[in-house]
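*Asks:* I'll drop the sequence and a predicted model, then ask my questions.
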Amino acid sequence: MTTTSEALSSRNLWDIVSTCMLTLLACVYSSVHPNVPSPTDTLVHILLRRFGIMGFALLSPETAVAWALRQWLWSRHVTAQFKDHFSVRRPQERYEEHDNNQALAHHTEGEPSGPMFFRQFHTLAEPFKEWLKAHYSEQPEDYTWTQTHSFFALMGGFMLYVDGEPYQTLSPDNLLFLIRTGSIDAPALTVRQIYDRSKGNAISKGLVIFQGAWFIMQLLSRVIYHLDITHIEMAILAFVVLNFFSYALWWNKPLDVQCPHPIYWKSTESNSEISFPSVSEDDDLPVSSEIVVLYIIDSYLQIGGVDAMSPRKLRAPTFDDIRGIKLQLWESNVLTSVGFTMTIIFGGIHCTAWLYTFPSYQEQVLWFTSAIITTCTPCISFVVAFVLLRSRIERRGSESVKFTMFLRICLVLYSTARGLLLILMFTTLRNLPSSAYKVVSWTSLVPHL
């Protein structure tokens, strides 16, 4: 029989730090799916925007999950709208002429029928079925509009060209509007062609998920063998857990696409006559919880001098237009609930680390206080903003100033707390208990970074 001591081996401080940092890099870098850059963006602008999004995901990973869920929910609406539009065509019109080539076969796949359980299972399995169909379908050119097309449109993948020059990035609504009016041809782009533009595939994404699964597995093994877990490992665990949600929601979203697909203007109207349906902002409509959260996030970014939600001419907004995505009320409530659930999970994992050994009492208090602030500040900000927005008080000058000051205080508290947690997970490494340097031997046999 193998004794406990025979089942354990040793590790050093470098092993702990390197494994955690590589796992964190995989979570923060590869899980973020940025939008398509503008044709006028330089490499410096693209890199700065990418690092900015990574910093955002590092400081507020729960918001990144909510961002992914918001796009996933809206992509389902976009997919349904395009399939409804193309389903009205006669079967013999499945192929139509586009740039003297056979192109664009649109058809609507049958909706799942049967008990509710089977319909829900069909929805959950749809992303993986879509990927398998795109890569292993016997039909070489399947132009069915899929969720991947919708994600591609949401990220600014379709660019309107007029007289051979890029004119404007087409949102899904504007793209469908121009197709219906006959101003442009429907884009002839297959799922396989979109994935060919993507810098990520199921293998690369699967490797990152496998690394995260291994990281959780080795932490569970430490719990089983009653070995100490370091604070940096608990902090990385919070990122890994949230990363699983982001990857699942963005599984069908292309990664790091650098060039949009050109859509050429064919109408006889002049450039000055090109118009799109306006996005309404009806003040009489009830304020949804989703809009309140977006208002808070946009206010925080504006305080930092970053405008990431305003519409752009030649690229999609970094974090999507606030009014460009119009979710149903129940979807908005689900999105908000999931966002706060992610906040509680992320902060709760940090709170559990308060029970572990700290080098000093002051660091223990700082850790617990920062974890509580990280968990509670978003909830408090939401409650205050929801009351103010529902009563329209924030539109009055004096109250608007007070609300801005309140958001500034919350931003400073949250940023400071997150920064302290990132610092403390390194400072607590200076005096680790002896069991923290022990590791369950068999976990090292599993391939990992």
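*Replies:* It's in.
*Asks:* how about the strands of the chain, start to end?
*Replies:* Secondary structure of the chain (DSSP state E): strands at 8-10, 96-98, 101-103, 158-162, 165-169, 261-264, 438-440.
*Asks:* Now do the third one, average pLDDT.
*Replies:* So the one you mean is strand 101-103. Averaging pLDDT along strand 101-103 yields 40.
*Asks:* And for stretch 40-59?
*Replies:* 86.
*Asks:* Buried residues, it. List them.
*Replies:* 41, 49, 53-54, 56-58 (16 or more other C-beta atoms under 10 Å). Where you see a C-beta, it was placed from the backbone N, CA and C, and this is true even at glycine.
*Asks:* Include distance to residue 302 and mean neighbour count when you put the strands of the chain into TSV, please.
*Replies:* Formatted as TSV, the strands of the chain follow (distance: least, C-beta to C-beta, whole Å; neighbours: other C-beta atoms under 10 Å):
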stretch	distance to residue 302	mean neighbour count
strand 8-10	50	13
strand 96-98	42	13
strand 101-103	43	13
strand 158-162	27	20
strand 165-169	22	18
strand 261-264	32	18
strand 438-440	46	19
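*Asks:* and of those strands, who's closest to residue 403?
*Replies:* strand 165-169 (32.3 Å; C-beta to C-beta).
*Asks:* re earlier: tell me which of the buried residues of stretch 40-59 is nearest to residue 344?
*Replies:* residue 57 (18.1 Å).
*Asks:* pLDDT score for residue 443?
*Replies:* At residue 443, the pLDDT value in this model is 75.
*Asks:* Can you give me the neighbour number for it?
*Replies:* Using other C-beta atoms under 10 Å, residue 443 is surrounded by 17 other residues.
*Asks:* From residue 7, how far off is it?
*Replies:* Distance, residue 443 to residue 7, by C-beta to C-beta, to the nearest Å: 10 Å.
*Asks:* Show me whatever sits in contact with both of those two.
*Replies:* Shared contacts of residue 443 and residue 7 (C-beta atoms under 8 Å, 6 or more residues apart in numbering): none.
*Asks:* returning to what we had before: let me have the buried residues of stretch 40-59 in a markdown table, adding distance to residue 13 as columns.
*Replies:* Formatted as a markdown table, the buried residues of stretch 40-59 follow (distance: C-beta to C-beta, whole Å):
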| residue | distance to residue 13 |
| --- | --- |
| 41 | 41 |
| 49 | 35 |
| 53 | 31 |
| 54 | 25 |
| 56 | 29 |
| 57 | 26 |
| 58 | 22 |
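*Asks:* Just the ones of those residues in helices?
*Replies:* 49, 53-54, 56-58 (DSSP state H).
*Asks:* Of these, which is the nearest to residue 83?
*Replies:* Nearest member of these to residue 83, counting by C-beta to C-beta, is residue 53, at 30.6 Å.
*Asks:* Might you report the residue contacts of that closest one?
*Replies:* Counting by C-beta under 8 Å, 6+ apart, residue 53 has contacts 32, 34, 318.
*Asks:* do that again at 6 Å, thanks
*Replies:* Residue 53 is in contact with 32, 34, counting by C-beta atoms under 6 Å, 6 or more residues apart in numbering.
*Asks:* That one and residue 28: what is the separation?
*Replies:* Counting by C-beta to C-beta, the separation of residue 53 from residue 28 is 9 Å.
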